[in-house]
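can you look at this prediction? I've put the sequence above it.
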Amino acid sequence: MNKYYMNIINNNLQESKERINGISSQDKNNRIVNNSYIDIHRKIDNSNQFCLEALESRVNLGSNVLSYYGTDLLPN
């Protein structure tokens, strides 16, 4: 599951780079271009934040289970 979230983050970063390159070739002083640039990054940041929070909650859950049960649940 951790790979799933990391793949989303990596895909978002790649998409961000591709879109930035496309926007850079246009007129950056154009208000529409600037607004789309901001909107793209807002969506990517929200998606990445969700993934990072999901990863963090999984780590916290694992940590809580480990501290409660000790190492009895770990494979030998």
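Arrived safely, thanks for sending.

what's the local residue count around residue 42?
Per other Cβ atoms under 10 Å, the neighbour tally for residue 42 reads 10. Where you see a C-beta, it was placed from the backbone N, CA and C, and this is true even at glycine.

quickly find the element holding it.
Element membership for residue 42 (DSSP states H and E) is helix 31-69.

helices or strands next to that helix in the packing?
helix 2-24 (3 or more Cβ pairs under 8 Å, 6 or more residues apart in numbering; DSSP states H and E).

okay, buried residues for the helix it packs on please.
5, 9, 12, 16, 23 (16 or more other Cβ atoms under 10 Å).

pretty sure the first one contacts residue 56?
No: proximity of residue 5 to residue 56 does not meet the contact threshold set by Cβ atoms under 8 Å, at 10.0 Å.

residues in contact with residue 5?
Residue 5 sits next to 51-52, 54-55 when contact means Cβ atoms under 8 Å, 6 or more residues apart in numbering.

of all pairs in those, which one is the farthest apart?
52 and 54 (7.3 Å; Cβ to Cβ).
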